[in-house]
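Q: pasting the sequence and the predicted coordinates here, then a few questions.
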Amino acid sequence: MKRVDDFRLRLGNKEYVPIMIGGMGVDISTSELALEAARLGGIGHISDAMVQDVSDRKFDTTFVKDKTKLYKFNINNMDKAVVQFDLERLAEATRLHVGATMAAKKGDGLIFVNCMEKLTMNAPKETLRTRLSSALDAGIDGITMSAGLHLGSFELIKDHPRFREAKLGIIVSSVRALQLFLRKVSKLNRPPDFIIVEGPLAGGHLGFGFDWKNYDLHTIIDEILAYMRAENIDIPLIAAGGVFTGSDAVAFLEKGVGGVQVATRFTVTHECGMPDSVKQEYFRASEEDIIVNGISPTGYPMRMLKSTPAIGSGIRPGCESYGYLLDATGNCAYINSYNREVLANPDVKNPPVMDKTCLCTHMRNYNCWTCGHYTYRLKDTTHKLANGDYQILSAEHVFKDYQFSVDNQVALPEKQESAAA
C-alpha cells in the first residue's frame, strides 16, 4: 500500500515532498506555517491578502493607520472612488512580509505567496503588478495566482529579472479555464511551472457556481490530464479541495498528478494564524454547520461556518483603512448593499446587511470563518480534553500524517493533560 512519501513532486530540476499547504488569508497561512512546510521538504504558502495590515502586526509599521488618516475625510461618504493605495507603500509592506519569511527559511522545501486577482484595490492592474513584482524582489520561491483567471498577470511581470526563475502557477477549476490561460500566456514562451486544480470541496472562495455539488475533483483531474496528454503538455498538476487523508492524496498521485494541496487540517494547528477560540469553532462544527453562500463581494460563492459573525453584519465599510475589494471605479458589492440598507433604514444604527459582507474588515478581525467541506471531520483528528476543548495540533504532526499514513487512517497526537499543556 503506497504512501504519499513514495511520490515526489518535480519542479524544474529538484524534487519535493508532494504536499503543498494552501494559501489562506488574512495571515491564516502564517510565515510560521509556511516555514514548517518548507522545513519538512514540501511547499508552504503565505498570502499577500491585506499585506499592509499583516506588516503592521508583524513589524510595527503604520500603513493602515496612515492610510486611514489620509482618507479620514471620506469615511462617511458613500462614494469610495477617491480611496487609493500608495503603490510604494504597498510594495514596501510586501517586501517586508515576504523578505522576513524567506530570510527565516530552512530545509529543502519552497515557500510561495498566494496572490488573489480579486484584490482589485481600486486599481486592478497597477496594484497587481506591484504585488507580484515586490514579492519577486523579496526573493519568494514562487507565486500561486488565485481568485481569478489571471489572463494578464504573466504579462505584468514579463520584464522582471526573476520572471523565468521563480516558480509561477495558476489555480483552475476546469479544463476550459486552463485552456484560456495557456492560450493567453503562450506568446510569452513562459508556461506555468505548476497548475493547481481546485475542486468544489475547497475552503473559502469556490471556482464554481451554486451548482458546485454537480462537480467532482477526480472527474476534473481526469479531464485535465487527458487534455494535457493529448496536447503533449508536461506541467505538474496539484490536486486540491477535499484531500483530507494521506490515502486521499495517494488516490490522486496514482492518477499522475504531481502533488496535492491541503489546507483544512492545518487550520487547527498551532502555527495557523487563527485565534485559538476560532480553531475550537472549527473542531466543534458538524456537517450541517458548513454552508456555501453568496455574501462575498467578489461574486464567487464562499464556503464557511454558518455561525460566522460576518453573516448579516451591517458594519460600516472600512475602505479608508483597507479597501482591498474596491474595483477599478471604487465600487464594492458590499458598499452598494450597505448603502441600500442605510437609506432604507435611516433610524437604525448599523442595519443588518444579509446579502453581502465587508470581507476586508471581517477577514482582518478573523470574523469570517471560511472553511473546507470536511471541516466537520477535524474533531476526529485529535483528542477532546477534560475541559471540553479539542487539542490543537502541530503543523509537523499533520504534515507527517499526510506523508506517511495509509488505509485512510489519521494519526492522533500524543494526548495532553489540558488545553494549555
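A: Perfect, I can see it now. Numbers count the residues shown, from 1 in each chain.

Q: check which helices and strands the helix or strand where residue 93 lies sits against.
A: For residue 93, the element it lies in under DSSP states H and E is helix 87-103. Here helix 87-103 touches helix 31-39, strand 43-47, helix 51-59, helix 63-70, strand 110-116, helix 124-137, going by 3 or more CB pairs under 8 Å, 6 or more residues apart in numbering; DSSP states H and E. For the C-beta atoms, the positions are set from N, CA and C on the backbone; glycine is no exception.

Q: same list (these) but as CSV, adding mean neighbour count, distance to residue 102 and mean pLDDT.
A: As requested, those are exported to CSV (neighbours: other CB atoms under 10 Å; distance: least, CB to CB, whole Å; pLDDT from 0 to 100):
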stretch, mean neighbour count, distance to residue 102, mean pLDDT
helix 31-39, 24, 9, 98
strand 43-47, 29, 10, 98
helix 51-59, 21, 14, 98
helix 63-70, 17, 20, 98
strand 110-116, 26, 7, 98
helix 124-137, 21, 10, 98
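
Q: and of those, who's closest to residue 386?
A: The closest of these to residue 386 is helix 31-39. By CB to CB, the value is 27.9 Å.

Q: look up how far residue 366 lies from residue 279.
A: 10 Å (CB to CB, to the nearest Å).

Q: so for those two, which residues contact both of them?
A: Common contacts of residue 279 and residue 366 (CB atoms under 8 Å, 6 or more residues apart in numbering): none found.

Q: what number of residues lie near the nearest residue to residue 416 once chain neighbours are set aside?
A: Of all residues not flanking residue 416 in the chain, residue 391 sits nearest, at 5.5 Å (CB to CB, 6 or more residues apart in numbering). With neighbours defined by other CB atoms under 10 Å, the count for residue 391 comes to 20.

Q: what residues are up against residue 391?
A: 382, 383, 384, 385, 413, 415, 416, 419.

Q: now those as JSON lines including neighbour count, secondary structure and distance to residue 2?
A: As requested, the contacts of residue 391 are exported to JSON lines (neighbours: other CB atoms under 10 Å; DSSP: H, G, I helix; E, B strand; the rest coil; distance: CB to CB, whole Å):
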{"residue": "382", "neighbour count": "21", "secondary structure": "coil", "distance to residue 2": "25"}
{"residue": "383", "neighbour count": "15", "secondary structure": "coil", "distance to residue 2": "28"}
{"residue": "384", "neighbour count": "13", "secondary structure": "strand", "distance to residue 2": "32"}
{"residue": "385", "neighbour count": "17", "secondary structure": "coil", "distance to residue 2": "34"}
{"residue": "413", "neighbour count": "15", "secondary structure": "coil", "distance to residue 2": "24"}
{"residue": "415", "neighbour count": "11", "secondary structure": "coil", "distance to residue 2": "29"}
{"residue": "416", "neighbour count": "13", "secondary structure": "coil", "distance to residue 2": "32"}
{"residue": "419", "neighbour count": "15", "secondary structure": "coil", "distance to residue 2": "36"}
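
Q: helices of the stretch 251-400 of the chain, start to end?
A: 276-284, 333-344, 359-364, 395-404 (DSSP state H, counting those that start in this stretch).

Q: you'd agree residue 306 is up against residue 286?
A: No: taking contacts as CB atoms under 8 Å, residue 306 lies outside contact range of residue 286: 10.1 Å.

Q: now the common contact residues for those two.
A: With CB under 8 Å, 6+ apart, residue 306 and residue 286 have no common neighbours.

Q: just grab the bridge partners of residue 293 for me.
A: residue 302 (DSSP bridges).

Q: please report the distance of it from residue 29.
A: For residue 293 relative to residue 29 (CB to CB), the value is 23 Å.

Q: and if you look at residue 73?
A: Distance from residue 73 to residue 29, by CB to CB: 35 Å.

Q: repeat for residue 201
A: 18 Å.

Q: could you confirm residue 143 falls within a helix?
A: No: counting by DSSP: H, G, I helix; E, B strand; the rest coil, residue 143 falls outside a helix, being strand.

Q: residue furthest from the geometric center of the protein?
A: Distance from the C-alpha centroid of the chain peaks at residue 347, with 38.5 Å (CA atoms, centre = their mean).

Q: pLDDT score for that one?
A: In this model, residue 347 is scored at 94, pLDDT.

Q: what segments of the stretch 101-250 of the chain are strands?
A: 110-116, 142-146, 167-172, 194-198, 204-205, 237-240 (DSSP state E, counting those that start in this stretch).

Q: tell me the spacing between the closest residue to residue 142 other than its chain neighbours and residue 94.
A: Distance criterion CB to CB, 6+ apart; nearest residue to residue 142, sequence neighbours excluded, is residue 167 at 3.1 Å. According to CB to CB, residue 167 and residue 94 sit 18 Å apart.

Q: ok, residue 80 next?
A: Residue 80 is 23 Å from residue 94, by CB to CB.

Q: higher neighbour count, the two?
A: Higher neighbour count among residue 80 and residue 94: residue 94, with 27 against 20, using other CB under 10 Å.

Q: now do the contacts for the nearest residue to the more buried one once chain neighbours are set aside.
A: Nearest residue to residue 94 in three dimensions, chain neighbours excluded: residue 134, at 4.0 Å (CB to CB, 6+ apart). Contacts for residue 134 (CB under 8 Å, 6+ apart) come out as 90, 91, 92, 94, 95, 98.

Q: repeat the analysis, applying 7 Å as the threshold.
A: By CB atoms under 7 Å, 6 or more residues apart in numbering, residue 134 lies in contact with 91, 94, 95.
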